[in-house]
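Asker: just need the structure, nothing else, for what follows:
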Amino acid sequence: MPWFGLGVFKVEDGQDVVNSVTAAIENGYRSIDTAAIYGNEEGVGKAIADCNVPREELFITTKVWNSEQGYDSTLAAFEESMNKLGIDYLDLYLIHWPVAEYGLYVDTWKALEKLYKDGRVRAIGVSNFQEHHLQDLIDRCEIVPMVNQVEYHPRLTQTKLHNFCKEHHIQLEAWSPLMQGGLLDDPTLTEIAQKYNKSTAQVILRWDLQNEVVTIPKSVKSHRIVENANIFDFELSNDDMDRIHALNQDKRVGPNPDEFNKR
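Answerer: Sure thing, here's the model as predicted:
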């Protein structure tokens, strides 16, 4: 699994998402993260089909939406996503939200286990799961989730969850790593960025990687796609890592996973 990739949340299907994914792949990205609810799997699939990179060099992720949770409905949702993407295997399949009040995420996980055992998916995981959701799967299912994709940025470091994931060998992955742009003018981050002659976004994404968190920033602008990936030629000092971590306020821009139940 690449440490760095492109997220396509809220990128419109059609030429917008095709252009975004194409620009990313042409500039060295190999990981693309989409979801059924994003409504752009077909465009992602077209960009994959038209690129000059062999399929086996790409890492494609999609997710089952809340309304499709349950064993049989998850298997059906998977087939629909595969048809839209136009691929014959998936690199990573995630449960998008736990929506515990539906009481279905364990059955949904068992469907993912079947897909994994059948070789349809190379890795299975979850998104937006808290410690108690993960522990429930660990206690009741055969396979420990391999990935947990959550909101993660300097204002929401989720240290307890991150430590739990490390303990159980679950790879943490960050969505909204730039807090939807809300951190780009932060004075501490701006000061650190000037020190390294980098953008604020590059500093945040580098902080993710040094924390051993996979990151998938979204962009539809080619120059931003290139800039975001230019983070492998510098390293933040331990002091600067700590300064960034100290910005935590347990502040979310997305829903609380224990409360979100949208179908």
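Asker: only C-alpha atoms from now on, for both contacts and neighbour counts.
Answerer: Noted.
Asker: where does the prediction get shaky in the chain?
Answerer: The chain contains no residues with pLDDT under 70.
Asker: got the buried residues for stretch 45-55?
Answerer: Residues of stretch 45-55 classed as buried: Gly45, Lys46, Ala47, Ile48 (neighbour count, 16 or more other C-alpha atoms under 10 Å).
Asker: could you dump those to JSON lines with distance to Asp33 and secondary structure?
Answerer: Formatted as JSON lines, these follow (distance: C-alpha to C-alpha, whole Å; DSSP: H, G, I helix; E, B strand; the rest coil):
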{"residue": "Gly45", "distance to Asp33": "12", "secondary structure": "helix"}
{"residue": "Lys46", "distance to Asp33": "14", "secondary structure": "helix"}
{"residue": "Ala47", "distance to Asp33": "13", "secondary structure": "helix"}
{"residue": "Ile48", "distance to Asp33": "12", "secondary structure": "helix"}
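Asker: pipe those into CSV and attach distance to Gly119 per row.
Answerer: Shown next, in CSV, are those (distance: C-alpha to C-alpha, whole Å):
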residue, distance to Gly119
Gly45, 20
Lys46, 23
Ala47, 24
Ile48, 20
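Asker: quick one: which of those is nearest Tyr71?
Answerer: Each of the buried residues of stretch 45-55 was checked against Tyr71 using C-alpha to C-alpha; the closest is Gly45, at 25.1 Å.
Asker: show the contacting residues for the closest one.
Answerer: Counting by C-alpha atoms under 8 Å, 6 or more residues apart in numbering, Gly45 makes contact with Lys84, Leu85, Gly86, Ile87.
Asker: and the nearest residue to Leu189 once chain neighbours are set aside, what is it in contact with?
Answerer: Nearest residue to Leu189, sequence neighbours excluded (C-alpha to C-alpha, 6 or more residues apart in numbering): Thr200, at 5.9 Å. Applying C-alpha under 8 Å, 6+ apart to Thr200 gives the contacts Leu183, Leu184, Asp185, Leu189, Thr190, Ile192, Ala193.
Asker: buried subset of these?
Answerer: Leu183, Leu184, Leu189, Thr190, Ile192, Ala193.
Asker: can you count the residues close to the nearest residue to Tyr105 once chain neighbours are set aside?
Answerer: Excluding the flanking residues, the one nearest Tyr105 by C-alpha to C-alpha, 6+ apart is Pro98, at 5.9 Å. For Pro98, the neighbour count with other C-alpha atoms under 10 Å is 27.
Asker: looking at this, Pro98 is in a strand?
Answerer: No - counting by DSSP: H, G, I helix; E, B strand; the rest coil, Pro98 is not found in a strand; it is coil.
Asker: I'd guessed it sits against His132; true?
Answerer: No - look at Pro98 against His132 with C-alpha atoms under 8 Å: they stay out of range, at 10.4 Å.
Asker: which residue packs closest to Glu131, ignoring adjacent ones?
Answerer: Leu161 (6.0 Å).
Asker: what about that neighbour, distance to Gln130?
Answerer: 7 Å (C-alpha to C-alpha, to the nearest Å).
Asker: these two: who's more crowded?
Answerer: Between Leu161 and Gln130, Gln130 has the larger neighbour count (other C-alpha under 10 Å), namely 21 against 18.
Asker: how about that one, what does it touch?
Answerer: Contact partners of Gln130, counting by C-alpha under 8 Å, 6+ apart, are Leu161, Pro257, Asp258.
Asker: again, 10 Å this time
Answerer: Gln130 sits next to Pro98, Asn148, Val150, Gln158, Lys160, Leu161, His162, Phe164, Cys165, Asn256, Pro257, Asp258 when contact means C-alpha atoms under 10 Å, 6 or more residues apart in numbering.
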